[in-house]
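J.: predicted model, plus sequence, below.
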Amino acid sequence: MALSAPRTAAEILSGDWSGGRSPFGVSWQKLMMWIFVLSDAFIFGSFLVSYGTTRATLPNWPNAAEIFALHIGGREIPLLLIAIMTFILVSSSGTMALAVHAAYERNRRRAAVFLTLTMLLGLTFVGCQAYEWTHLIRDLGVRPWGNPFGAPQFGAYFFTLTGFHGLHVLSGVILLGFVARRVLQGAYDRKGSYEMVEVAGLYWHFVDLVWVFIFTFFYLF
Amino acid sequence: MANHSTTGTHPHPPTRVYLVVWGWLFVLSAIAYFIDIWHVPQPFKAILLIAVALMKAGLIVAYFMHLRFERLNLIYAILAPLILLVAMVAGFLPDGVSVFLHRNY
């Protein structure tokens, strides 16, 4: 195909819909994952909007920086565990990107190594979350219907938001486990396409993306 | 194979790009953390936090999720519906504020 002169956005868009080529230029697997990710974004968006609206009605929302502090050497460091969890999840996104990159190059071993690293980081994140939940429920007495710090809705939103997100991380680890196994078996070499790694990567990066907003609006605000 | 050609056509950036994006995500996360720790006064804190979150989201979607390298049609199809999220925030948040004001705490 010869390269034509630069076109306007409208010309590119209408040209892609005028027949003879796939308008989105991706496989159905990738398109469906994008559509799923978009719909999931609306689920988390609704949760966050509901949280924001409820919080705006209340004068006594608990101070997250104090509740999520870690005691280290007799000092209280606010939000330390959450900061560590954020770095873990960002790192898992980084290793996932490298796994997708290795898949593009059809490097079976490297793709499997980075997928495994991503899974380990994901499991570490879920482990931190399990610790956090245990600490909040057992030591601080936070419940979905009340807590000793202030507005009772705090617990309901905390468990819903982080619970749903943690479930997504856990599902992602399982999905990556299946994909990593197929990579090692050479299934994508036989198929002639490593795209499944990229599709799973889309999901994983989305889970990281959701955490960006939970981190910002629930923990830092 | 049909799938082969679709994955092979769009350009993929070199490894260095992923590492740079990764580094920036670390830096932006640290900035967000310190905005909270250093008790930046409220209107600025909210604006800065939202700005940092949107920058992180942009980096993840554009480079890690490769949206920058997809066809323009796909980019628009993904980004346009997100306007509805903004509409949802604009529709509900004022409601929360008005309830707060009516309760006279």
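T.: Done, it's in. Nothing here was measured: the structure is a model prediction, and the numbers come from that model.
J.: any weak-confidence spans in chain B?
T.: For chain B, applying pLDDT under 70 flags the ranges B:1-11.
J.: tell me the domain ranges of it?
T.: Chain B breaks down into these domains under automatic domain parsing: B:1-70, B:71-105.
J.: out of those domains, deepest packed?
T.: Most buried of the domains of chain B, by mean neighbour count (mean count of other Cβ atoms under 10 Å in any protein chain shown): domain B:1-70, with a mean of 16. C-beta: built from backbone N, CA, C; applies to glycine.
J.: next one: it to chain centre, how far?
T.: Computed by Cα atoms, centre = their mean, to the nearest Å, the chain-centroid distance of domain B:1-70 equals 7 Å.
J.: also stretch A:172-188?
T.: Once both centres are worked out by Cα atoms, centre = their mean, stretch A:172-188 turns out to sit 19 Å from its chain's centre.
J.: mind listing what whichever residue of chain B sits closest to chain A touches?
T.: Here chain B gets closest to chain A at one residue, B:Gly96, 3.2 Å apart by Cβ to the nearest Cβ. Neighbour list for B:Gly96: A:52-57 [criterion: Cβ atoms under 8 Å, 6 or more residues apart in numbering or on different chains].
J.: again, only this time at 7 Å
T.: A:52-54, A:56-57 (Cβ atoms under 7 Å, 6 or more residues apart in numbering or on different chains).
J.: hmm, back to that, nearest to A:Gln153, of the domains of chain B?
T.: Closest approach to A:Gln153 among these (Cβ to Cβ): domain B:71-105, 11.6 Å.
J.: span of the closest one from start to end?
T.: 52 Å (Cα to Cα, to the nearest Å).
J.: with stretch B:58-77 instead?
T.: Rule used - Cα to Cα; the end-to-end distance of stretch B:58-77 is 16 Å.
J.: that one: how far from the chain's middle?
T.: Put simply, stretch B:58-77 sits 12 Å off its chain's centre (Cα atoms, centre = their mean).
J.: in chain A, what residue lies closest to chain B?
T.: Of all residues in chain A, A:Ala56 sits closest to chain B, at 3.2 Å by Cβ to the nearest Cβ.
J.: including distance to A:Val197, could the domains of chain B go into a markdown table?
T.: A markdown table is the format used below for these (distance: least, Cβ to Cβ, whole Å):
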| stretch | distance to A:Val197 |
| --- | --- |
| domain B:1-70 | 10 |
| domain B:71-105 | 19 |
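J.: need the contact list for the residue nearest the centre of chain B.
T.: In chain B, the C-alpha nearest the mean C-alpha coordinate belongs to B:Ala57, at 2.4 Å (Cα atoms, centre = their mean). Neighbour list for B:Ala57: A:209, A:212 [criterion: Cβ under 7 Å, 6+ apart].
J.: tell me the mean pLDDT over whichever helix or strand A:Phe178 is part of?
T.: Using DSSP states H and E, A:Phe178 sits in helix A:153-185. Average pLDDT, helix A:153-185: 96.
J.: does it come close to chain B?
T.: No. Counting by Cβ under 7 Å from any Cβ of the partner chain, no contacts exist between helix A:153-185 and chain B, the nearest distance being 11.6 Å.
J.: before we move on, what SS does the residue of chain B closest to chain A have?
T.: The local conformation at B:Gly96, judged by DSSP: H, G, I helix; E, B strand; the rest coil, is helix.
J.: apart from its chain neighbours, what residue comes closest to it?
T.: A:Ala56 (3.2 Å; Cβ to Cβ, 6 or more residues apart in numbering or on different chains).
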